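*Asks:* the sequence and its predicted three-dimensional model are supplied below.
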Amino acid sequence: MPINSSQQEKLKAWLDSKGVRPQCGACGSNDWAPGDIVAAPRYSSQGLAIGGPTVPMVQLVCSNCAHLMLFAAVPIGIL
């Protein structure tokens, strides 16, 4: 799910309030763009689990190399 401009502002304010200055672990860039809100797949002993609890996450995408950083969306206040 794409994030809207209000959610982008909440994300930026939250990152600033926590002192998060993301530096890309792959290329060292400090240029990031907000991505979508996603949920990680869950796995069980039988394989991919459909349904049940998930952790919604907001993506930060490196503008240079496309490396992803993920943050939990609920504590940020985006959802």
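*Replies:* Done, it's in.
*Asks:* dihedrals phi and psi, the closest residue to Gly35 other than its chain neighbours?
*Replies:* Leaving out its chain neighbours, the residue that sits closest to Gly35 by CB to CB, 6 or more residues apart in numbering is Gln59, at 3.0 Å. Yep, even glycine has a C-beta here, placed from its N, CA and C like the rest. With angles defined as degrees, to the nearest 10, Gln59 sits at phi -90, psi 140.
*Asks:* for Gln59, grab the count of nearby residues.
*Replies:* 17 (other CB atoms under 10 Å).
*Asks:* what does Asn30 give?
*Replies:* Counted with other CB under 10 Å, Asn30 comes out at 11.
*Asks:* can you tell me the helix or strand for it?
*Replies:* Under DSSP states H and E, no helix or strand contains Asn30.
*Asks:* what sits against it?
*Replies:* Asn30 makes contact with 21-24, according to CB atoms under 8 Å, 6 or more residues apart in numbering.
*Asks:* 10 Å instead?
*Replies:* 21-24, 62-64 (CB atoms under 10 Å, 6 or more residues apart in numbering).
*Asks:* how about these in CSV, adding distance to Asn30 and neighbour count?
*Replies:* As requested, these are exported to CSV (distance: CB to CB, whole Å; neighbours: other CB atoms under 10 Å):
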residue, distance to Asn30, neighbour count
Arg21, 7, 8
Pro22, 7, 14
Gln23, 6, 11
Cys24, 7, 20
Cys62, 9, 21
Ser63, 9, 13
Asn64, 9, 14
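*Asks:* in strands only, show me those residues.
*Replies:* Among the contacts of Asn30, the ones falling in strands (DSSP state E) are Cys62.
*Asks:* reformat the contacts of Asn30 as JSON lines; add pLDDT and distance to Lys12.
*Replies:* Listed next are the contacts of Asn30 as JSON lines, based on pLDDT from 0 to 100; distance: CB to CB, whole Å:
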{"residue": "Arg21", "pLDDT": "85", "distance to Lys12": "12"}
{"residue": "Pro22", "pLDDT": "81", "distance to Lys12": "11"}
{"residue": "Gln23", "pLDDT": "89", "distance to Lys12": "16"}
{"residue": "Cys24", "pLDDT": "95", "distance to Lys12": "17"}
{"residue": "Cys62", "pLDDT": "96", "distance to Lys12": "16"}
{"residue": "Ser63", "pLDDT": "96", "distance to Lys12": "15"}
{"residue": "Asn64", "pLDDT": "97", "distance to Lys12": "19"}
